[in-house]
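Sequence and predicted structure below; questions after.
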Amino acid sequence: MLFMEFSDNLKKSNILLRPKSTTRWDLLSEMVDLAVKNKELDSCDCDELTKSLVEREKSMSTGIGNGVAIPHCTTTRVQDIVYIVAIVPQGVDFDSIDNQPVKIVILLLVPKSKLTQHIKTLANIAKLMSNETLRSTLITLKNPESVIKTIKDFENIKKQ
């Protein structure tokens, strides 16, 4: 299987700049609602998936440090990985491993059938987000197009 870059799967409509939410629980709901609005999910699956994400967070925070969180869950409700990105310049408490507020949240909804791909995707996103320049650039961007372009540029640098 050819590995798809994170930026190849990211849709402009799935990028949330300056979300209204002030807590991680509200933010997870806001991100799942966006997936429903963009027809990535049926609205009838919304509560179940939000609950699954919240349970995952309560068992262990997905705040990986450096202002990044990657909440995720597997589901039979999607055919391909759904990526929703939220850029939160003011930060949200995600109970991260480094106790820093989270400013970049990358939500993954993964088909149960694609678990291996899921693990690789998580690892790649975590590696990409370990770049301080990328993180500090992302939180200053004003539109979804520039978010995708910036991520794509960093993925291309990484390949060289």
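Great, that's in hand.

Please enumerate residues in contact with the longest helix along the chain?
Using DSSP state H, we find that the single longest helix of the chain is helix 144-159. Identification of contacts with helix 144-159 by CB atoms under 8 Å, 6 or more residues apart in numbering yields 5-7, 10, 12-13, 15, 17, 85, 87, 127-128, 131, 133-134, 137-138, 141. Glycine gets a C-beta too; all of them are placed from N, C-alpha and C.

10 Å instead, please
For helix 144-159, the surrounding residues in contact (CB atoms under 10 Å, 6 or more residues apart in numbering) are 5-8, 10-17, 85, 87, 104, 106, 124-125, 127-129, 131, 133-135, 137-138, 140-141, 143.

Please pick the buried ones from those.
Neighbour-count burial (16 or more other CB atoms under 10 Å) is assigned, among the contacts of helix 144-159, to 5-7, 10, 14-17, 85, 87, 104, 106, 124-125, 128-129, 134-135, 137-138, 141.

which residues does the residue nearest the centre of the chain bridge with?
Residue closest to the average C-alpha location in the chain (CA atoms, centre = their mean): residue 106, at 1.1 Å. Beta-bridge partners recorded for residue 106 (DSSP bridges): residue 85.

ok, now which ones touch it?
Going by CB under 10 Å, 6+ apart, residue 106 touches 6, 10, 31, 62, 64, 68-72, 83-86, 121-122, 125-126, 128-129, 151.

confidence score at it?
pLDDT, residue 106: 96.

Relative to residue 44, how far out is it?
Taking CB to CB, to the nearest Å as the measure, residue 106 falls 25 Å from residue 44.
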